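K.L.:
Build me a model:
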Amino acid sequence: MGALDVRRDFFEDLASQNKLVAHGQPVAEGSDELRVSFISVEDPEGLPAAVETGIHFPCVVILDLKGKLNDKGGSIRRQWNNVLWFLHKDNTGATENQKKQTAYDTAETVMNQFISKMQNLLEEDGSCGPFKDLHLESFFFEMTGRVSDGLYGWRLSFSDENAARDITIFDSSKWTEEE
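P.N.:
Down below sits the predicted model:
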């Protein structure tokens, strides 16, 4: 399983455990319809279309990974940049300004709950799912602004590192001989 798949599975699991997001849970008691409140998109430009296709709010969105290699005294490590968006759309009869504030507040609550859960896992288990070298000072969050009609939230990014053994150990059997 690749790095994105492992992270996506971890965050999807958190989204189903969180009571506000409740991904994969019934939309109402006794209902057969399940909430879809976790999605994966390749780039932020595709986000408005993705959230207009039956997504339940609040929702969590994971974007594709970015990374780079670091040489730490002969130890080659991959540094990953993880990006999550926490979004909400308030459909009450309030004013537009109140809807916007409620959306930001709800999305921020979910984001803070995710950070708290990750921190708790780190303290209890020494790791947090796929994240072995995770530091809270690498967490950066910002308001996302209007993503689509009435949809607002927060963007969270953070980095983590792991050993790049598949790069540091060359396997000649994976290559043909030059002639």
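K.L.:
Dump stretch 6-14 to CSV, restricted to CA.
P.N.:
Output of stretch 6-14 as CSV, limited to C-alpha atoms (Å, rounded to 0.1, in the frame of the first residue of the first chain):
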residue,chain,number,x,y,z
VAL,A,6,-2.2,4.5,4.1
ARG,A,7,-2.8,8.1,5.1
ARG,A,8,-6.2,8.2,3.4
ASP,A,9,-7.3,5.1,5.2
PHE,A,10,-6.1,6.5,8.5
PHE,A,11,-8.0,9.8,8.1
GLU,A,12,-11.1,8.0,6.7
ASP,A,13,-11.1,5.9,9.9
LEU,A,14,-10.8,9.1,12.0
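K.L.:
could you give me the average pLDDT of that stretch?
P.N.:
For stretch 6-14, mean pLDDT is 94.
K.L.:
tally of neighbours for the residue nearest to K132 when sequence neighbours are not counted?
P.N.:
Setting aside the residues directly before and after it, K132 is nearest to N162 in space (CB to CB, 6 or more residues apart in numbering), at 5.9 Å. Where C-beta positions appear, they are placed from N, C-alpha and C, glycine not excepted. Neighbour count for N162, taken as other CB atoms under 10 Å: 15.
K.L.:
now do E42
P.N.:
Burial of E42 is recorded as 10 neighbouring residues (other CB under 10 Å).
K.L.:
What residue, apart from its backbone neighbours, is nearest it spatially?
P.N.:
Per CB to CB, 6+ apart, closest to E42 is D64, 5.3 Å.
K.L.:
pretty sure that neighbour is in contact with L4, am I right?
P.N.:
Yes - between D64 and L4 there is a contact under CB atoms under 8 Å: 6.6 Å.
K.L.:
between those two, which one's more packed in?
P.N.:
L4 (15 against 12).
K.L.:
Who are the packing partners of the helix or strand harbouring the more buried one?
P.N.:
For L4, the element it lies in under DSSP states H and E is helix 3-17. Applying 3 or more CB pairs under 8 Å, 6 or more residues apart in numbering; DSSP states H and E, we find helix 3-17 packed against strand 38-41, strand 59-63, strand 75-89, helix 96-125.
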